[in-house]
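Student: fold the stuff below for me.
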Amino acid sequence: MLKLTDSIKTIAGISDKRAALYKKLHIETIGELLSHYPRDYIDLSAPVLIADAVLAASKLGELGGENAGEFHTIHATVSRKLPPFLNARLPIYKLKLTDSSGELTCTFFNAEYSYNRLITGNDYVFYGKVTVNQYGAEIVSPVFILPQDPNRLTAKYRATAGLTHNIISANIKNALEVLENAQNDIADETFADLPAKIRENHGLLSASEAVRTIHFPNSREQLDSAKRSLIFKELFTLQIGMSLIRSRNRKLTGAQMSGKFSFGASSFATSLPFTPTNAQIRAVDDCVRDMRKAVPMNRLLQGDVGSGKTLVAAAAAFYAHENGFQTAIMVPTEILAKQHYKTLCDFLAPHGIGVELIVGAMKVAEKKERWTKIKSGEVSVAVGTHALIQKGSDFANLGLVVTDEQHRFGVNQRSELISKGANPHTLVMSATPIPRTLGLIIYGDLDISLLDEMPKGRLPIKTYGVDTTYRKRLYEFIRKEIASGRQAYIVCPLISESADTDITAPSKASAVKYYETLTQSWFCDIPTGLLHGRMKQAEKDEVMGAFKSGELKILVSTTVIEVGVDVPNATVMMIENVEQFGLSQLHQLRGRVGRGEHQSHCILVSDSKSTYTRERVETMVATCDGFEIAGKDLELRGPGDFFGQKQHGLPLLKIGDLATDTAILDETRELSRTILEQDPTLATYPELRALADALFKESNEYGFN
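Tutor: So this is what the prediction gives:
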C-alpha cells in the first residue's frame, strides 16, 4: 500500500521528467503534492459565446495592443487538431474550437499532455485569456473540463514551466486515491485528523474530506468549509506546538529579585537629563515586576526606531545591580555594541555601576583583562557582540540577559549566553515592528512591552517617493542641507559594480561606483565616506566614527547602517532602487534620521512601475508608524516571506494567512490555551502532540526532543 511519504513517481501519470519539474516546487512526496493547495479558483459556471469573447478582445486590442485581452469561460467543440510545431525551443500545439457563433484557435506551449487529452469532436468548457492578433483570435494555455464535470470551481496552482493547472489537477486526483486508502496509516502525517470532539464543536471537516474538497469543490459553500477546516487545523497545531516549546524550559530562576522599585520615582530616573516617556516608565515597571517572580522573566520590548529601548535595558540592569546580579547585553554588530556601551555608561556610571565592552576586534590581552573584572563581580554590566559567549567568558552572578535585535542571533547563541547564569531573566529588544498577528504566533505567551511614544521634541520624518528624473534636484537639496550644517545618508542595494554602472539611471545602484562617481562630480568638494559589509571592521569603525563626529558630511552605504547607527545630526536619508527593499527594511533605514531636533527627510528613489513597489512607497509616504507599516508588509509579502517567520524558524504555513485569518487565529488561540491549562503535557491528547511534532519536525529552531 502506498503511503503519503512515498515518492510522487509512484503515482500514475508522473514520470521521472515530471517529477523533476515538481521538485522545482519543492514537491517530492505524495503528501507534499496533496498539500500543494490552490492559490485561486476559476469559476467555469457562466460561459460566453466565442463571438462575444473575440469582440471584447478586439476592442481591448485597439486600446492596448495585440497582447491585450480578457479572461473568458467558453463552452466549445474541438473541431480539429493541427499538427504540432516541434522545431521551436518549446513545442507548440494548436487546436481549433467552435461554437454556434464562431471559431477560435487554442494554443498550448510544451503541453503535449493537455493536447492529447482533448479529443476531436468532443465538447469542453475552457477558461483562458482571449486575444486577437494578425493571425486571428486565440486562447492560450486554457484550463478545461468536461461539460458534465460538477467541479465548476477549477483550481489554479502555483506552477512552473511544463506543469499546467490541468496536469497538476490530474495528478492530485490520482494522489487523492492514496489518501483515501491510507487513512489507517497516517497517525503521524500532516493529514491526520484533529480529535473528533474538537471537529464536532468547531464544525470542521475530516482531514481527507477537507483536502479533497479544497482541490475539487462543487460550490463556494463547500470550498469555504474546506478552507476553514484546513486553516483551523494548521493554526491550532502551530499554536499548540509553540505553547509546548515555551513551557518546556520554564524552570525556577536563580536570580529572583526583591525590593520595591518604581522607576518614575527612582534616583535612576531623576538623574537623567531628560524626562522618560510614560511608555518607558511602564516598560521598566513591567520588567521589575517580572524579575521579582520565581520564574525567569521572558519579555519582549518592542519599540519603533528611536523610542528609547536602551534606557529600559539600563534601568533593568540598574535594578539587577541593586539586587547583586550582573547583566549581559548582546547586540549583532560592533558598531551597535560600542554605541550601546557609550549610552549605558552615561546612564549607569553616575551610580557607580561598572560597564565593560567585549567585541571580537579587541586584542586577547585586553579581553582577558576585562573578563577578569567581570568574573570577579567588579563589573556589573557587560555589553558586546557574540564575543560574550566565546571561550573563557564567565560571569560572577549573571541575573539578566538582554538581546537586541534577537532575530540576528541563532538559537544556540542565545541559549549559550543564558546558560552562563542560573536561569536568568531575559529581555528581548526589537526595533523591527512585527504585526500583532505574527507577533502572537512568534512570541505567543511571551510578555510584551510596547514603547509606543517617541521622546519629546522629535519631529515626524517627511517622506517622498520620486523617480530618477529628480536626481539633480535631490543632489541640490542634499547640498543645501549640508550647507545648513546637517549630514546625509545615501543607501544603495549593491556593494560592487553591476553591469549597468551609470548612476544617472541605474538598474541596481552600486555603493562603490556611486561613491566614486559622486566624489568626482556633484560632491567633489564635500567630505564623503563609503561603508559596506565587505570592509574590514577597523575600516568600518573609522568611517562610522568620522561620520558621527561630523568630519564626513555624506555617507554612501549599503544596508549595513540599517540597525542601531545613531547620528542625530543626519537629516537626509536617500534610498536608491526602493524596489530592492522590503517595507520593514525601508522603515528601519528611515529610522537612521529623525533622531535630533532638526527636520529630517527620507527620499525613496525608484523607476519601477510595479504595483508592489508603488504600494510600498505610498505606505512609507503615508505613515511613520512602524506597526502599521509592518502590517502592510505582511499583507504585501505574505507570512512565508516576512522576516519573522524565516528568521525565527517557524514552519511555513501551507494555507493559513496570518494577515487575514485573524478570526480563526483568535479562536484557535483560545482553544489552545484552554486545552493546555487542563492538560499541559497533552497526555490525554496524543494525536495533538503528534500533529505538533509533524509540523515542527523540519525546524531547527523549535524542534521537539
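Student: E28 reaches T10, doesn't it?
Tutor: No: E28 lies out of contact with T10 (C-beta atoms under 8 Å); the separation is 11.3 Å. Bear in mind the C-beta positions are built from the backbone N, C-alpha and C, glycine included.
Student: so what are the domain limits for the protein?
Tutor: As assigned by automatic domain parsing, the chain contains the domains 46-151, 187-247+677-695, 263-451, 462-623.
Student: wait, which of these is closest to A630?
Tutor: Ranking these by proximity to A630 (C-beta to C-beta) places domain 263-451 first, at 4.0 Å.
Student: quick check: mean pLDDT across the closest one?
Tutor: Mean pLDDT, domain 263-451: 83.
Student: what of stretch 603-622?
Tutor: The pLDDT scores in stretch 603-622 average 89.
Student: I'd like the numbering to begin with 866 instead of 1 from here.
Tutor: Done: numbering now begins at 866, and the last item shifts to stretch 1468-1487.
Student: contacts for it?
Tutor: Residues from elsewhere that reach stretch 1468-1487 (C-beta atoms under 8 Å, 6 or more residues apart in numbering): 1328-1333, 1335-1336, 1339, 1342, 1370, 1437-1444, 1447-1448, 1451-1452, 1455, 1467, 1493-1494, 1497, 1501.
Student: ok, then the element right after the helix or strand that S1006 is a member of?
Tutor: Here S1006, judged by DSSP states H and E, is contained in strand 1001-1010. Sequence order places strand 1018-1021 as the next helix or strand after strand 1001-1010, per DSSP H and E.
Student: for the helix or strand following that next one, packing partners?
Tutor: Next along the chain after strand 1018-1021, taking DSSP H and E as the criterion, comes helix 1030-1046. Here helix 1030-1046 touches helix 895-899, helix 977-982, strand 1001-1010, strand 1018-1021, helix 1072-1080, going by 3 or more C-beta pairs under 8 Å, 6 or more residues apart in numbering; DSSP states H and E.
Student: given the following helix or strand past the second one, what are its sheet partners and their directions?
Tutor: It refers to helix 977-982. Per DSSP H and E, the first helix or strand lying C-terminal to helix 977-982 is strand 988-998. The strands that strand 988-998 pairs with in its sheet are strand 934-946 (antiparallel), strand 1001-1010 (antiparallel) (by DSSP bridges).
Student: take the ones you listed and write them to TSV, including mean neighbour count.
Tutor: Compiled in TSV, the strands paired with strand 988-998 are given as follows (neighbours: other C-beta atoms under 10 Å):
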stretch	mean neighbour count
strand 934-946	18
strand 1001-1010	20
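Student: with distance to T1546 added, can I get those strands in CSV?
Tutor: Formatted as CSV, the strands paired with strand 988-998 follow (distance: least, C-beta to C-beta, whole Å):
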stretch, distance to T1546
strand 934-946, 53
strand 1001-1010, 48
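Student: assign the nearest residue to S966 once chain neighbours are set aside to helix, strand or coil.
Tutor: Nearest-residue entry for S966: A916, 3.6 Å, with adjacent residues in sequence omitted and distances by C-beta to C-beta, 6 or more residues apart in numbering. The three-state label given to A916 by DSSP: H, G, I helix; E, B strand; the rest coil is helix.
Student: hang on, A916 packs against T963?
Tutor: No: under the criterion of C-beta under 8 Å, A916 makes no contact with T963, lying 10.9 Å away.
Student: can you give me the strands for the stretch 1216-1365 of the chain?
Tutor: Taking DSSP state E, counting those that start in this stretch, the strands of the stretch 1216-1365 of the chain run over residues 1220-1223, 1246-1249, 1263-1269, 1290-1295, 1312-1316, 1327-1331, 1352-1356.
Student: make CSV out of those and add distance to F974.
Tutor: As requested, the strands of the stretch 1216-1365 of the chain are arranged in CSV below (distance: least, C-beta to C-beta, whole Å):
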stretch, distance to F974
strand 1220-1223, 60
strand 1246-1249, 58
strand 1263-1269, 52
strand 1290-1295, 47
strand 1312-1316, 51
strand 1327-1331, 38
strand 1352-1356, 41
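Student: want to try TSV for those strands, with distance to R1147 and mean neighbour count as columns?
Tutor: Shown next, in TSV, are the strands of the stretch 1216-1365 of the chain (distance: least, C-beta to C-beta, whole Å; neighbours: other C-beta atoms under 10 Å):
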stretch	distance to R1147	mean neighbour count
strand 1220-1223	25	22
strand 1246-1249	23	27
strand 1263-1269	18	27
strand 1290-1295	14	24
strand 1312-1316	7	19
strand 1327-1331	29	17
strand 1352-1356	32	25
